[in-house]
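Novice: Sequence first, then the predicted structure, then my questions.
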Amino acid sequence: MRKYCLCTISLLFLIFLSSCASKKSMYYFHGDVAASQAVEKYTPYLKPDDLLVITVSALDVQSTLPFNQVNPYNINNTSNETLTTGNPRLVSYLIDENGNIDFPVLGKIKLAGLTRSQAIDLMRQKLSQYIKNPTVNINLINFRVTILGEVNRPGTYTISNEKISLPEVLGLAGDLTIFGMRKDIVVIREIEGVKKFYHVDLTSSQSVFDSPVYYLDQSDIVYVSPNGAKRNSSQYGPFTSVLVSVAGIVISVISLLTR
């Protein structure tokens, strides 16, 4: 009888600890309309180390060829690459530390600090000296965000649309694990060579929507810290399971002796 009492007490104790841990580690998001409306329109700016694909087109196809470095129309192009893929190889332009790209014929052009639309307008203005009614398309191809810590799928993600919010990135990473600290998400951003740390509380709509890192920039790093339960568990050494087993044996022996 005492053996069953000890087992019952132990089971109830474990259930109690599990309940306490879940209450401490579980937080819910509380949103409101006012906070959601406070998110300002996000406009990304080009900066050094951005990698751009720039395509120039016009009605006069031949006049655009010197500015594309490759033939975007596949005219007189019989290479194996074109025959198998149907598309020419993309040529990219790296924005250097001074904010410039080196573009065919036009030479050095400063694009850092401009929005994508502003960069397109600048390129069209310069190309208008050589091409009638040019059309310019600019794509950023190395927009990457890294997410680390207590998420289900940590890693580096390439973003195709050049715009993503912090909640969306967490969604790409499979959301936080049960050990993730929702009250303190850290975003590391480099601004003019200086790394800055921003803290976001996912359980507060004001903290999320009012944060300057609600929309992420190229090369931002998101770190999800472990909560108290995970940190406490890391304090136990590799022999913890052995000690628990020994304790279980001792309890069993005591229960046999006291029957």
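Specialist: That came through, no problem.

Novice: Is residue 202 located within a helix, as I assumed?
Specialist: No - counting by DSSP: H, G, I helix; E, B strand; the rest coil, one finds residue 202 to be coil, located in no helix.

Novice: Assess the claim that it and residue 180 are in contact.
Specialist: No - using Cβ atoms under 8 Å as the test, residue 202 is too far from residue 180 to be in contact (9.1 Å). Glycine gets a C-beta too; all of them are placed from N, C-alpha and C.

Novice: Quick one: name whatever helix or strand follows the helix or strand encompassing residue 207.
Specialist: Under the criterion of DSSP states H and E, residue 207 resides in helix 205-209. Where DSSP H and E defines the elements, the next helix or strand beyond helix 205-209 is strand 221-226.

Novice: and that following strand, what does it pack onto?
Specialist: Where contact means 3 or more Cβ pairs under 8 Å, 6 or more residues apart in numbering; DSSP states H and E, strand 221-226 is packed against strand 144-149, helix 166-172, strand 180-191.

Novice: Which one of these lies nearest to residue 135?
Specialist: strand 144-149 (27.8 Å; Cβ to Cβ).

Novice: Alpha carbons of the following helix or strand past that closest one, as PDB, please.
Specialist: Downstream of strand 144-149, the first helix or strand assigned by DSSP H and E is strand 155-158. Extracted as PDB, the C-alpha positions of strand 155-158 are listed here (Å, rounded to 0.1, in the frame of the first residue of the first chain):
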ATOM      1  CA  GLY A 155      19.400  29.000 -40.500                       C
ATOM      2  CA  THR A 156      19.900  31.700 -43.200                       C
ATOM      3  CA  TYR A 157      17.000  32.500 -45.400                       C
ATOM      4  CA  THR A 158      17.100  34.200 -48.800                       C
END
